[in-house]
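Enquirer: Need coordinates for the below:
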Amino acid sequence: MQFGPREIYTPFRPIPLEIPQGMVHNEFFNSTENLNDLMSNNGLLTNSENLLLYRKALGHSNEFDCSIIYNTSKTILNPLGRPVRRTQVTDNVKHVWNRMNQVIIDYMLEQYPDPGEALILAGEASLDATWPLTSPGVPSIRMLHNHFIVFPKAELRPAKLADDKNPNLTDGGQNSLFQAYMREVYREFFERALHLKILKPAPETEARIELTGYPQGLPSWEIQGGAAALKDVHFWKEYDELLKGFIDFYRTFFSQVSSRNAPMLKDVYFPDEVESVLLFNNDFMKTAKKVRDHCIVDAKYANAIRWQPAFKQLIYRNDAGKLIVTISQNSIGNAITELLGVVVNRIPDTQAYAARESALIAHLLEVRRRLIESDLGEPIATPYWSA
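Expert: Residues are numbered from 1 along each chain as shown. This is a model prediction of the structure:
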């Protein structure tokens, strides 16, 4: 059997929504009107913290696939004023959200106990408007949400190999800006800034999924204690520390790209390490100069820069059954699944989707039942299931 990133095809039921004249698809699908449809046709559970559990209408996997969105579409009308990462969420919301994560991940591990048979992942990507505002595909009013996905390996193994030059697969590999020029300082910054007890650095060989060969070149951490550690609030605090470290690195780097010898940003989380590890590192500053010089002479390249932190962070199970956390910068257009080497092509096929729908919904309704039992929300009725 060949090893490498896989390209799969996932059927879905076409969404019965008419795009208003003058709007492009992404603008409408990220609109408040479409979010109303998301709740009424795909909503499973909601709570007073505005966290909405829903079935993915355009899913990655028809085995198990759902999301939680922090639905602030009606409480914060300014799309650029909405929280787009955990560090911007109030403590009471984050507390409930973390508990929901724990319950859903625990269910996936229970239902799919064999790492040789199922690839399990849970995580999120930044959804702020970090793309150039005139580029196609810019999220107009996206909100923080995460993914819970299971891919049967029986479907991945025979799938065709994806093109390893696919730009959506390169952000965590050797073509990545961070990994190509600043790999050592990137890792050193994490090691010096973060004081972790539950998370411990994982060798790249342990972090990689053998079937796909991904993730590639990313710092990764093993969750000591496995699934039981997810019930410890201190794990989720360490999970947030990884994100804070990433944000410091990203913002500091692009502040230097934007302005030569820029002063340290005032609101960094780890000022001592930013000063000693990043701003005094020649490779770090040399790479910033390389990118800045390129921006000055190449308008297209400069327009593609994402100046604000863009990330993907996820928890997944490795081949040995250990839970691993990794984080990566997020390139334009790529999906969280591609961090693990799975390229998903969604195809409209009502009949093929219907063949998998009942089993998928049975999983999602059981997850909903467990969340309700833990006092994490109230059920939603749709045309496809009752409350």
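Enquirer: so where's the stretch 251-387 of the chain shaky on pLDDT?
Expert: 331-334 (pLDDT under 70).
Enquirer: does residue 44 sit in a helix or strand, and which one?
Expert: Using DSSP states H and E, residue 44 sits within strand 43-46.
Enquirer: okay, the helix or strand following that strand in CSV with CA atoms only?
Expert: Per DSSP H and E, the first helix or strand lying C-terminal to strand 43-46 is strand 51-55. In CSV, the C-alpha atoms belonging to strand 51-55 read as follows (Å, rounded to 0.1, in the frame of the first residue of the first chain):
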residue,chain,number,x,y,z
LEU,A,51,-23.1,27.9,21.6
LEU,A,52,-24.9,26.0,18.8
LEU,A,53,-24.2,22.3,18.1
TYR,A,54,-25.2,21.4,14.5
ARG,A,55,-24.8,18.9,11.8
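Enquirer: neighbouring strands for strand 51-55, and are they parallel or not?
Expert: As defined by DSSP bridges, the strand partners of strand 51-55 come to strand 43-46 (antiparallel), strand 64-70 (antiparallel).
Enquirer: ok, back up a step: in the strand holding residue 44, what counts as buried?
Expert: 43-46 (16 or more other Cβ atoms under 10 Å). In this view, the C-beta of every residue, glycine as well, is placed from N, C-alpha and C.
Enquirer: Adding pLDDT and distance to residue 81, write those residues out as a markdown table.
Expert: Below are the buried residues of strand 43-46 laid out as a markdown table (pLDDT from 0 to 100; distance: Cβ to Cβ, whole Å):
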| residue | pLDDT | distance to residue 81 |
| --- | --- | --- |
| 43 | 95 | 24 |
| 44 | 97 | 27 |
| 45 | 97 | 26 |
| 46 | 96 | 21 |
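Enquirer: Can you pull up the most central residue in this structure?
Expert: Residue closest to the average C-alpha location in the chain (Cα atoms, centre = their mean): residue 124, at 2.6 Å.
Enquirer: backbone phi and psi for the nearest residue to that residue once chain neighbours are set aside, please?
Expert: Sequence neighbours aside, residue 146 is the residue nearest to residue 124 in space, at 3.7 Å (criterion: Cβ to Cβ, 6 or more residues apart in numbering). Main-chain torsions, residue 146, degrees, to the nearest 10: phi -130, psi 170.
Enquirer: wait, what's in contact with residue 146?
Expert: 67-68, 101, 122-124 (Cβ atoms under 8 Å, 6 or more residues apart in numbering).
Enquirer: Run through the bridge partners of it.
Expert: Going by DSSP bridges, residue 146 forms beta bridges with residue 68, residue 124.
Enquirer: part of a helix, is residue 339?
Expert: Yes - assessed with DSSP: H, G, I helix; E, B strand; the rest coil, residue 339 lies in a helix.
Enquirer: wait, isn't it in contact with residue 313?
Expert: No - contact criterion Cβ atoms under 8 Å: residue 339 and residue 313 do not qualify, at 9.2 Å.
Enquirer: element containing the residue nearest to residue 277 when sequence neighbours are not counted?
Expert: Ranked by Cβ to Cβ, 6+ apart and with sequence neighbours excluded, the top spatial neighbour of residue 277 is residue 189, at 4.7 Å. Secondary-structure assignment from DSSP H and E places residue 189 in helix 183-193.
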